[in-house]
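Student: Structure of the sequence below:
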Amino acid sequence: MKSLTEILQECPPRYASEITGLREESWYFVLEDGRLIGRANCNHYDLLGITAEVAYPDAIKKKFCLQNRTVRICFSDETEGHLYIEIFKNTLNEAQWSALGTLYRRRPDTVVIWDVWFGESWSHGEGSLGDFKREINPLPST
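Tutor: As a prediction, this is how the structure comes out:
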């Protein structure tokens with residue numbers, strides 16, 4: 001697995017407003033400061049240096065996200081308005097919420113699809129960005 005430093009050298013971080021929205025640029029990690037790393041024609045496994053021979057690539061992806069407090073996303077203006085978000089136990093900070101909001105508002109018909117790993121439990125769903133936020137930050141019971 002490549003380190004975050006190695007990936008940053010290959011893929012200078014960009015703000016969500018700088019993302020082209022082209023299909024070949026649709027795989028990103030959202031950093032703690034809200035900037036995104038990714039590059040054209042490169043998926044998450046490519047970014048991490050994971051080849052087909054690597055056993056348990058999902059465990060490596062999860063480890064990277066947890067260690068670096070990143071959020072894994074897939075977004076393209078050319079693909080039916082979906083914003084896929086995957087998080088592992090981490091909570092999102094304001095900079096990351098802002099980046100997701102910028103991407104969500106790029107198209108009026110954007111649908112958020114999420115996979116959230118809360119330790120042993122898992123949540124999958126789809127809806128608005130507000131629905132996603134309620135899923136990971138539910139209101140306390142009264």
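Student: can you map out the helices along this structure?
Tutor: Remark: helices assigned in the chain by DSSP state H are 4-10, 44-48, 57-68, 94-104, 129-136.
Student: Centre of the chain to the longest one, how far?
Tutor: It refers to helix 57-68. Helix 57-68 has its C-alpha centroid displaced from the chain centroid by 12 Å (CA atoms, centre = their mean, to the nearest Å).
Student: just the CA coordinates of it, formatted as CSV?
Tutor: Output of helix 57-68 as CSV, limited to C-alpha atoms (Å, rounded to 0.1, in the frame of the first residue of the first chain):
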residue,chain,number,x,y,z
PRO,A,57,-7.5,-5.4,-1.0
ASP,A,58,-10.6,-4.1,0.9
ALA,A,59,-8.8,-4.5,4.2
ILE,A,60,-6.0,-2.3,2.8
LYS,A,61,-8.4,0.3,1.6
LYS,A,62,-10.1,0.3,5.0
LYS,A,63,-6.8,0.6,6.8
PHE,A,64,-5.8,3.6,4.6
CYS,A,65,-9.1,5.4,5.3
LEU,A,66,-8.9,4.8,9.1
GLN,A,67,-5.3,5.8,9.4
ASN,A,68,-5.7,9.0,7.4
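Student: and it, which residues are buried?
Tutor: The neighbour-count check on helix 57-68 (16 or more other CB atoms under 10 Å) flags 57, 60-62, 64-65 as buried. (Glycine included, C-beta is placed from N, CA and C.)
Student: Over to the second one?
Tutor: Applying a neighbour-count criterion of 16+ other CB under 10 Å, the buried positions in helix 44-48 are 44-45, 47-48.
Student: from those, which two are the most distant?
Tutor: Greatest spatial distance among the buried residues of helix 44-48 (CB to CB): Tyr45 and Leu47, at 7.2 Å.
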